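Asker: Give me the fold of what follows.
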Amino acid sequence: EKTKAGSAFANNTHVKTIKMVNLHLDDNFAQALGKAFETNETLEKVVLDSNAFTGEGIRALFAGTGKNSTIAELQVRHQSKVMASTDEETLPALLESNKSLIKLGVDTRNQLVKMKLDRKTATNRDFIRKLRVKARKPK
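Answerer: Numbering: from 1, shown residues only. From the prediction side, this is the model:
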């Protein structure tokens, strides 16, 4: 059932915010939702704090977010399972092609990874600001 719920967001055209906190969602749900992110064009805010994702589930969510162009906020803090250091190190590369994510909440122990993720969101904020400025300028 949980996997079906995650997959259902692939064709969603109405829901803009997902807030599924403390529901004991697992990696299977995260993988289905991450796959749905790749095709979804309406989601803007995703809050999945306090669930049971491991590094595998969080990697799946980040991979889907990396291919998404509408999600501006992703929160996956306070998971009941600890993410391995090797999983943490793969996260920045998964978001490399994303230009929309400007707010990110994820628990990482590696300061270098945290710095790279912060830099990515700052770069995206700057990119979006430049687009706004460019749109306002008369030609």
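Asker: elements contacting the lengthiest helix in the chain?
Answerer: Determined from DSSP state H, the single longest helix within the chain is helix 111-136. In terms of contacts (3 or more Cβ pairs under 8 Å, 6 or more residues apart in numbering; DSSP states H and E), helix 111-136 is packed against helix 85-94, strand 103-106. Where C-beta positions appear, they are placed from N, C-alpha and C, glycine not excepted.
Asker: Packing partners of the helix or strand of the chain with the lowest mean pLDDT?
Answerer: Lowest on mean pLDDT, DSSP states H and E among the helices and strands of the chain sits helix 2-8, with a mean of 91. Contact analysis of helix 2-8 by 3+ Cβ pairs under 8 Å, 6+ apart lists helix 27-37 as its packing neighbours.
Asker: Buried ones in the helix it packs on, by neighbour count?
Answerer: Asp27, Phe29, Ala30, Gln31, Ala32, Leu33, Gly34, Lys35, Ala36, Phe37 (16 or more other Cβ atoms under 10 Å).
Asker: just stretch 51-66 next, same as before
Answerer: 51-66.
Asker: Ok, stretch 92-108 next?
Answerer: Quick answer for stretch 92-108 (16+ other Cβ under 10 Å): Pro92, Leu94, Leu95, Asn98, Leu101, Ile102, Leu104, Val106, Thr108.
Asker: Helix or strand for the fourth one, just tell me which one.
Answerer: Right, Asn98. Per DSSP states H and E, Asn98 falls between elements, in no helix or strand.
Asker: pLDDT below threshold where in the protein?
Answerer: Across the chain, the ranges flagged by pLDDT under 70 are 139.
Asker: Using the three-state scheme, assign Thr108.
Answerer: Secondary structure of Thr108, reduced to three states by DSSP: H, G, I helix; E, B strand; the rest coil: coil.
Asker: scratch that, Leu74 is what I was asking about
Answerer: strand.
Asker: ditto for Ile18
Answerer: At Ile18, secondary structure determined by three-state DSSP is strand.
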